[in-house]
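Engineer: Please work out how this folds:
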Amino acid sequence: MQITRQTEYGVRILLELAQAPEGQLVSSHIISTRQDVPEMFLQKTLQLLSRAGLVITQRGVQGGVRLAKPAESITIADVLVAIEGPLAINVCLNAGYNCHNMEVCKVRSILVRAQEALAVELSKESLADIIAMSEEG
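Structural biologist: All right, here's what the predicted structure looks like:
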């Protein structure tokens with residue numbers, strides 16, 4: 001499993017917004033330039049982040065983007081789900097997936113534990129925590 005470039009961009013976009021004064025709109029051009037995210041790709045990523053309730057966008061001359069909730073309440077797990085969809089390290093762990101081997105599979109319980117551990121790790125630190133860590137050293 002590998003996190004996609006779009007998820008990486010999503011994290012960088014949100015970190016950029018988290019460093020802006022609370023409630024301040026940041027233009028997509030500034031985000032694109034500072035984070036080296038192509039403008040077209042930025043717009044698609046912002047749409048996904050907006051649908052997930054992580055950012056608010058405002059059109060127009062005075063428009064821009066801002067976080068929809070405090071940086072303390074957004075984690076990497078939130079970004080991953082917003083961009084990629086629900087976490088499933090194997091297709092058999094997707095909600096609603098009907099595997100005919102589920103009852104006898106010797107590996108599924110291990111994959112469930114691994115997925116749960118990954119979800120816990122990705123949910124531990126918020127954007128605010130990540131920014132604080134980078135400022136410390």
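Engineer: Identify the residues contacting I131.
Structural biologist: 15, 18-19, 71 (CB atoms under 8 Å, 6 or more residues apart in numbering). Any C-beta I mention is one placed from the backbone N, CA and C, and that applies to glycine too.
Engineer: Now which of the residues you listed would you call buried?
Structural biologist: Among these, those classed as buried by 16 or more other CB atoms under 10 Å are 15, 18, 71.
Engineer: Return the closest of the residues you listed with respect to D36.
Structural biologist: Checking the buried ones among the contacts of I131 against D36 with CB to CB, the nearest one is L15 at 13.1 Å.
Engineer: right, and that closest one touches I130 too?
Structural biologist: Yes. The pair formed by L15 and I130 meets the contact definition of CB atoms under 8 Å, at 6.5 Å.
Engineer: So which residues of this protein form helices?
Structural biologist: 5-18, 28-35, 39-51, 76-84, 108-124, 127-136 (DSSP state H).
Engineer: and the last one with helix 5-18, angle?
Structural biologist: Right, helix 127-136. Inter-element angle recorded for helix 127-136 and helix 5-18: 80 degrees (by axes from the mean of the first three to the mean of the last three CA atoms, to 10 degrees).
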